[in-house]
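[1] below is the structure, and that's it, no one-letter string:
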């Protein structure tokens, strides 16, 4: 087998001394031109490669399925678990000693980390970084967040279609992922707060030379991690997950964070449930003034001090002694750094932007296993609300009727969208932040209570209840809601209640018919049969846990 391995690798021009037993480092690349956020990762990979060679390692780059949030249909979330399988088996099946995960766009970070966690080799994450701030007519605009605002303005006739299309070039003007605190930026901060990347890297703009510097240092560091046998399981402890939950609240991170962190915990064997996000994070203050919960963008965040400045502000609330990929603790990593250079962007812990801003878990007869809301992106006046349900049976029904002038709806109503959960869509898309009906936008209505079993983009905002579990497509109470039902939301009381008697719900359930599944073959068919609900992280049931790194049989 040694002859086979070495001989075929030599067709790439490898000299003899590369096979002297030095650590083999896999560079797991999610580069793809179909994933615009990751289209610059070839350059980042070269910087990693230099670092690996400098430290005496043997770098080998390999591709895995890349998940482009903006282009992939019906939703990138449908394929997160497939990409995690690709990552897991590519790492396990090949003769590598450690791995560098190159990530960027929303699902490329959790999918690769899930797969790597199931193998448990020494692993370090190198994020691709956010785009430069969007610039439009003298103002900063943010990817995603400004899309929703401008779409509403277009519907109200406040801007022209020419203005609307001009934004396309002004918003996305450099390589990198969303520069708002969308899911991609949230995942970058999650990785750093977990201790899975070198300190200070989450907010570096993609085109800043310091991004390549960090990649090169990461290439050097992974070689030492192999020699130290510093595996993922030594870093991803319960304390690390609790740190990440608190930091996510402080930065106004995406609600998608819950699903991804839960799935990663399931792979590494850490018991994490939906209540943990509420109990650990919901009382945390919002410290970062960044879209969609504030007004600045990721470039500003980096210049203000980045995540180290957040960790410094929060150190009394965090376990700063956990080990990170550097081999040191968070406390050691930010010693001499963590300075806040702009108090308009990063607020002091004792004088926060919002006193309590973590994601709140709601329960009630409408969501027995839970639902979530992001208060920092919601309207305070709607956090306690009672309204009449206006029901859309699926996404097609919503698109067909939402702008019908005869739709029986006003600003006091509660918009309900069914069949957009993991099974129902399939894949649980980011459609929960339903654009409001045109006739209400014309009246100046800017927010309403909206409920679904789907997700919303981390760049989005509004009083939106998401991740309702169990979902409507498998018989959850959301599927039984009818037009005219009264729904009560009480965020302070952590309650979402459908004002329909148990007897009436039982009768409706007896007449309920499951919607036809949207797949009959292939991966999608496997997905709908095995996907867990949102409160479990929407992983496939047979992927929870790990298989380790050892493969006992050779190929010849």
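    Cool, the structure landed. In this text the structure is predicted, and so the values were computed from the model without any measurement.

[2] what's whichever helix in the chain runs longest packed up against?
    Identified as the longest helix of the chain according to DSSP state H is helix 209-228. When contacts are defined as 3 or more Cβ pairs under 8 Å, 6 or more residues apart in numbering; DSSP states H and E, helix 209-228 packs onto strand 24-29, helix 41-54, strand 98-103, strand 123-127. No exception for glycine: its C-beta is placed from N, CA and C like everyone else's.

[3] what packs against the shortest one?
    Helices and strands touching strand 123-127, as assessed by 3+ Cβ pairs under 8 Å, 6+ apart, comprise strand 98-103, helix 108-119, helix 183-194, helix 209-228.

[4] so residue 193 makes contact with residue 307?
    Yes. Between residue 193 and residue 307 there is a contact under Cβ atoms under 8 Å: 6.9 Å.

[5] quick check: neighbours shared by these two?
    residue 247 (Cβ atoms under 8 Å, 6 or more residues apart in numbering).

[6] low-confidence ranges in the stretch 151-300 of the chain?
    Judged by pLDDT under 70, the stretch 151-300 of the chain has no weakly predicted residues.

[7] all strands of the protein, in order?
    24-29, 58-63, 98-103, 123-127, 134-136, 139-141, 360-364, 367-373, 384-392, 414-417, 449-452, 464-469, 486-490, 495-498 (DSSP state E).

[8] to residue 223, which of the ones you listed lies closest?
    Closest to residue 223 of the strands of the chain, according to Cβ to Cβ: strand 24-29, at 6.5 Å.

[9] neighbouring strands of the closest one in the sheet, and parallel or not?
    Partners of strand 24-29 in the sheet, by DSSP bridges, are strand 58-63 (parallel), strand 98-103 (parallel).

[10] most tightly surrounded among the ones you listed?
    The highest mean neighbour count among these, using mean count of other Cβ atoms under 10 Å, belongs to strand 98-103: a mean of 28.

[11] can you give me the buried ones in the lowest-mean-pLDDT helix or strand in the chain?
    Least confident helix or strand of the chain, by mean pLDDT, DSSP states H and E, is helix 145-155 with a mean of 88. Residues of helix 145-155 classed as buried by neighbour count (16 or more other Cβ atoms under 10 Å): 145, 146, 147, 148, 149, 150, 152, 154, 155.

[12] contacts only, for the fourth one.
    Which is residue 148. Residue 148 touches 433, 435, 459, 460, 461, counting by Cβ under 8 Å, 6+ apart.

[13] how about the third one?
    Each residue near residue 147 by Cβ under 8 Å, 6+ apart is listed here: 171, 459.

[14] now it: how far from residue 551?
    Distance, residue 147 to residue 551, by Cβ to Cβ, to the nearest Å: 45 Å.

[15] do the same with the fifth one
    According to Cβ to Cβ, residue 149 and residue 551 sit 51 Å apart.

[16] got it, and the first one?
    Residue 145 sits 45 Å away from residue 551, going by Cβ to Cβ.

[17] cool, the second one as well?
    The span separating residue 146 from residue 551 equals 48 Å under the rule Cβ to Cβ.

[18] with adjacent residues omitted, what lies nearest to residue 402?
    Spatially, and ignoring its direct neighbours in sequence, residue 402 is nearest to residue 437 (5.3 Å; Cβ to Cβ, 6 or more residues apart in numbering).

[19] to clarify, my last question referred to residue 267.
    residue 117 (4.0 Å).

[20] ok, that neighbour to residue 244 distance?
    Where residue 244 is concerned, residue 117 sits at a distance of 14 Å (Cβ to Cβ).

[21] just give me the residue right at the centre of the chain.
    residue 183 (3.9 Å; Cα atoms, centre = their mean).

[22] what's near enough to touch that one?
    Residue 183 touches 69, 106, 254, 256, 257, 260, 457, 458, 459, counting by Cβ under 8 Å, 6+ apart.

[23] show me what contacts the second one?
    The reference is to residue 106. When contacts are counted by Cβ under 8 Å, 6+ apart, residue 106 is found next to 37, 67, 69, 76, 177, 182, 183, 184, 187, 256, 458.

[24] how much space separates residue 59 from residue 349?
    On the measure of Cβ to Cβ, residue 59 and residue 349 end up 41 Å apart.

[25] for residue 233, that is, sorry about that
    Residue 233 is 31 Å from residue 349, where distance means Cβ to Cβ.

[26] also residue 191?
    Residue 191 is 22 Å from residue 349, by Cβ to Cβ.
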